[in-house]
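In: just to be clear, the model below is a prediction. Sequence and coordinates:
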Amino acid sequence: MTKQAVKSTDSEAQSDVSVPPKKEAYRVLARKYRPQNFNQLIGQEALVRTLTNAIKTGRLHHAYMLHGIRGVGKTTTARIMARALNYGGKDGEPSAELTELTDQCKLIVEGRHVDVIEMDAASNTGVDNIREIIDSVQYAPATARYKVYIIDEVHMLSKSAFNALLKTLEEPPEHVKFIFATTEIRKVPVTVLSRCQRFDLKRVDREELKKYYAEICEKEGVTFDDDALFMIAKAADGSVRDGLSLLDQAIALSDGHIEAERVKNMLGLADQGQILDLFETCMKGQTKQAFDVVSRLYDSGAEPQVVISDMLSVTHQMTKYKADADLLSVVDLSISERARNEDLSSALNVPILTRAWQILSKGLMEVNQSSDPQAALEMVIIRLLYTSDLPTPGDLVKMLKSGDFDDALKTSETSEAKKKVISKSVKTVSQSQDNQEISKTDEPQPLVEDVAPQSNEEGLNSFKDVVHLFEEKREILIASNLRSFVKLVSFEPLKIELNLLEQAPRTLTNEVASMLREWTGDNWVVQQSSKDGEPTITEQEIEAKKNLFDKTKAHPDIQKLLSSLEGLDMVDIQMLDKTYH
């Protein structure tokens, strides 16, 4: 065989070997589906409408401040604005209708446009970085109509950097536009904010996020469970980018179909059905069933903090539903969860739900601080179980008045052990309009003399009237000083003599006299005195409350209540509004 034949054979062999095409690098969903025009921005209709109209009418501000949480589209909006401003090139006009990807647009999208400068203030915080901008703004744009500076996380700039930017920001050249983005608007100096047109990008609601993620799943050729996308939208908490990152993870976890169960495990969520089961068993006082649910949640890997947080969410949703069914919108819950919440809430009242909220709120702190979170969770559940059927203070009073308390105690299905726990859980017996009528012949005196604030026309007949007037006029600090740090020596029409304690400001008497003259038109005299005087109003209120407490506790009906349950004691007394009952 000749050398030529060998070469020919080698060439044929090489041609038979197929070289696999180079795979395109994977782009995460947040970058792949980044909006390229105003129409693709979701959840920011007010912003889009304002900017579109401004561009169409030529009312372009020289500086814009975009504020919002992470992932709602601040930087994306800034880039779209840069495209819109330079859409027609150096000699063209700005346009809000970005229908074509022009040469200018392509360079901006790729981040290679020489006249669109992006700067991350988090890593360029100093005054030297701002000086570079100040020096460059004087030069005209090379190929674009406007030179656009996009500064992300602008609140991270130092104080000296902000000061250096102020003058340029106030009177920039006509060819310069500034677009700032920040997640913490309160850290941006007012002097900078006042020179910018501010836009607050809102959180995107769950229903809109869910719809958007469904569209992306269709484009990616992935099917999904509705509840799976609902959980992702809920976890996103209004952030489009956060939700897209979670969706990316869910797609990678799935086999072409995003299942709710897998998403729940991915997010470390507790099963909402089991959370509702746990809440229901706690409200019914079913100890064994409640701990069976706790055990199942523990076995499934649900974190104790998540369980308490979800129960708080259930309590909040049910209380909203009790207040007004329309408040519980469909975006808060899935359809099945909403129906279950409605059924449960119909059997509960607001005082019981409020008590559950307080127990769970305190329990969440305990779980977070505990060295054994699971044990802390179980203690919270026990507390919730044994206070679920405890009557409210108003119900206790009504039972006493009607004589039903003894019968209810005898016929109760509650075990003796549970009675003891319940009795020790009662910490207050509240004073209301009902228990003020326990005995008409031995009615406790009110905590504070019930005198309506006197208007100027009716006259000020006591020192308490004066204090009420200051409260009515919303001079809260002065009213507080008069209540707590002043002893009344004497009170006469148009003349007050006061003994100021050390905590009271030395100018208090002058301020009181001046304001009284202004409000009443009379020549009031307020003098300081070294005489002892009577106790302060606060001291009088404390003493009155103590007397009321002792008198109420000594009442035969209260004594009967305290002796009925082992370990029950009265530790405080409070006035309740009528609406509480």
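Out: Cool, got the structure.
In: now do the strands in the protein.
Out: With DSSP state E, the ranges of strands along the chain come out as 63-67, 116-120, 147-152, 176-182, 197-200, 223-224, 257-258, 486-492, 495-500, 525-528.
In: can I get those in JSON lines including mean neighbour count?
Out: All C-beta spots, glycine's among them, are computed from the backbone N, C-alpha and C. Output for these, formatted as JSON lines (neighbours: other C-beta atoms under 10 Å):
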{"stretch": "strand 63-67", "mean neighbour count": "23"}
{"stretch": "strand 116-120", "mean neighbour count": "18"}
{"stretch": "strand 147-152", "mean neighbour count": "24"}
{"stretch": "strand 176-182", "mean neighbour count": "24"}
{"stretch": "strand 197-200", "mean neighbour count": "15"}
{"stretch": "strand 223-224", "mean neighbour count": "17"}
{"stretch": "strand 257-258", "mean neighbour count": "18"}
{"stretch": "strand 486-492", "mean neighbour count": "18"}
{"stretch": "strand 495-500", "mean neighbour count": "19"}
{"stretch": "strand 525-528", "mean neighbour count": "15"}
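In: can I get the ones you listed in a markdown table with mean pLDDT and distance to Gly273?
Out: Formatted as a markdown table, these follow (pLDDT from 0 to 100; distance: least, C-beta to C-beta, whole Å):
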| stretch | mean pLDDT | distance to Gly273 |
| --- | --- | --- |
| strand 63-67 | 94 | 39 |
| strand 116-120 | 91 | 44 |
| strand 147-152 | 93 | 42 |
| strand 176-182 | 94 | 41 |
| strand 197-200 | 92 | 37 |
| strand 223-224 | 90 | 19 |
| strand 257-258 | 90 | 19 |
| strand 486-492 | 90 | 60 |
| strand 495-500 | 90 | 64 |
| strand 525-528 | 89 | 67 |
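In: which stretches of the stretch 451-581 of the chain have low pLDDT?
Out: Counting by pLDDT under 70, the stretch 451-581 of the chain shows low-confidence ranges at 451-459, 565-567, 575-581.
In: all helices of it, in order?
Out: In the stretch 451-581 of the chain, the segments counted as helices under DSSP state H, counting those that start in this stretch are 463-472, 476-484, 508-520, 537-553, 556-564.
In: need the ones you listed in JSON lines with distance to Leu348 and mean neighbour count, can you?
Out: Below are the helices of the stretch 451-581 of the chain laid out as JSON lines (distance: least, C-beta to C-beta, whole Å; neighbours: other C-beta atoms under 10 Å):
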{"stretch": "helix 463-472", "distance to Leu348": "37", "mean neighbour count": "19"}
{"stretch": "helix 476-484", "distance to Leu348": "37", "mean neighbour count": "17"}
{"stretch": "helix 508-520", "distance to Leu348": "48", "mean neighbour count": "17"}
{"stretch": "helix 537-553", "distance to Leu348": "30", "mean neighbour count": "15"}
{"stretch": "helix 556-564", "distance to Leu348": "25", "mean neighbour count": "14"}
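In: nearest to Asp205, of these?
Out: helix 476-484 (38.0 Å; C-beta to C-beta).
In: quick one: that closest one to chain centroid distance?
Out: 32 Å (C-alpha atoms, centre = their mean, to the nearest Å).
In: find the nearest non-adjacent residue to the residue at minimal distance from the centre of the chain, please.
Out: Nearest to the mean C-alpha position of the chain, counting by C-alpha atoms, centre = their mean, stands Asp237 at 11.1 Å. The shortest distance from Asp237 to any residue other than its chain neighbours is 7.1 Å, reached at Arg203 (C-beta to C-beta, 6 or more residues apart in numbering).
In: and Gln559, by the same measure?
Out: Using C-beta to C-beta, 6+ apart, the closest residue to Gln559 is Lys553 (7.6 Å).
In: contacts only, for Ala290.
Out: Neighbour list for Ala290: 278, 281-282, 381, 385 [criterion: C-beta atoms under 8 Å, 6 or more residues apart in numbering].
In: ok, which pair from the residues you listed is furthest apart?
Out: It's Leu278 and Leu385 that sit farthest apart of the contacts of Ala290, by C-beta to C-beta, at 10.4 Å.
In: between these two, which is the more surrounded one?
Out: Leu278 (26 against 20; other C-beta atoms under 10 Å).
In: how near is the more buried one to Val222?
Out: 33 Å (C-beta to C-beta, to the nearest Å).
In: now tabulate the contacts of Ala290 in JSON lines and tack on distance to Glu366 and pLDDT.
Out: Converted to JSON lines, these look like this (distance: C-beta to C-beta, whole Å; pLDDT from 0 to 100):
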{"residue": "Leu278", "distance to Glu366": "17", "pLDDT": "91"}
{"residue": "Thr281", "distance to Glu366": "21", "pLDDT": "89"}
{"residue": "Cys282", "distance to Glu366": "16", "pLDDT": "90"}
{"residue": "Ile381", "distance to Glu366": "12", "pLDDT": "92"}
{"residue": "Leu385", "distance to Glu366": "16", "pLDDT": "87"}
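In: Met311 touches Trp357, doesn't it?
Out: No: between Met311 and Trp357 there is no contact under C-beta atoms under 8 Å: 9.5 Å.
In: ok, the two, which is more surrounded?
Out: When neighbours are counted by other C-beta under 10 Å, Met311 and Trp357 differ, and Met311 comes out ahead with 26 against 16.
In: before we move on, the earlier item: verify the stated contact: the residue nearest to Asp237 with Ala236.
Out: No: the pair Arg203 / Ala236 is not scored as a contact, 9.1 Å apart, by C-beta under 8 Å.
In: who has more neighbours, the two?
Out: Ala236 (23 against 16).
In: need the per-residue pLDDT for that one.
Out: Ala236 carries a pLDDT score of 88 in this model.
In: was I right to think it contacts Gly243?
Out: Yes: under the criterion of C-beta under 8 Å, Ala236 makes contact with Gly243 at 3.2 Å.
In: quickly list what's touching both of the two.
Out: When contacts are counted by C-beta under 8 Å, 6+ apart, Ala236 and Gly243 have 71, 209 as shared neighbours.
In: Leu364: how many residues sit nearby?
Out: Neighbourhood size, Leu364 [other C-beta under 10 Å]: 20.
In: contact partners for the residue nearest to it when sequence neighbours are not counted?
Out: With C-beta to C-beta, 6+ apart as the criterion, Leu364 has its nearest non-adjacent residue at 4.6 Å, and that residue is Ile308. Counting by C-beta under 8 Å, 6+ apart, Ile308 touches 360, 363-364, 367, 377, 380.
In: any idea how far Ile308 lies from Ser345?
Out: Here the distance between Ile308 and Ser345 works out to 19 Å (C-beta to C-beta).
In: then Asp569?
Out: 33 Å.
In: and the two? which has more neighbours close in?
Out: Ser345 (21 against 12).
In: wait, the residue nearest to Gln559 touches Asp569, no?
Out: No: Lys553 sits out of contact with Asp569 when judged by C-beta under 8 Å, with a separation of 9.2 Å.
In: mind listing the shared neighbours of these two?
Out: With C-beta under 8 Å, 6+ apart as the test, Lys553 and Asp569 both reach Leu562.
In: which non-adjacent residue is nearest Met266?
Out: With sequence-adjacent residues excluded and distances taken as C-beta to C-beta, 6+ apart, Met266 is closest to Leu253, at 5.9 Å.
In: got the buried residues for stretch 357-372?
Out: Neighbour-count burial for stretch 357-372 flags 357, 359-360, 363-364, 366-367 (criterion: 16 or more other C-beta atoms under 10 Å).
In: need these in JSON lines (columns: distance to Thr143).
Out: Compiled in JSON lines, those are given as follows (distance: C-beta to C-beta, whole Å):
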{"residue": "Trp357", "distance to Thr143": "61"}
{"residue": "Ile359", "distance to Thr143": "66"}
{"residue": "Leu360", "distance to Thr143": "61"}
{"residue": "Gly363", "distance to Thr143": "62"}
{"residue": "Leu364", "distance to Thr143": "57"}
{"residue": "Glu366", "distance to Thr143": "63"}
{"residue": "Val367", "distance to Thr143": "59"}
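In: so which of these belong to helices?
Out: 357, 359-360, 363-364, 366-367 (DSSP state H).
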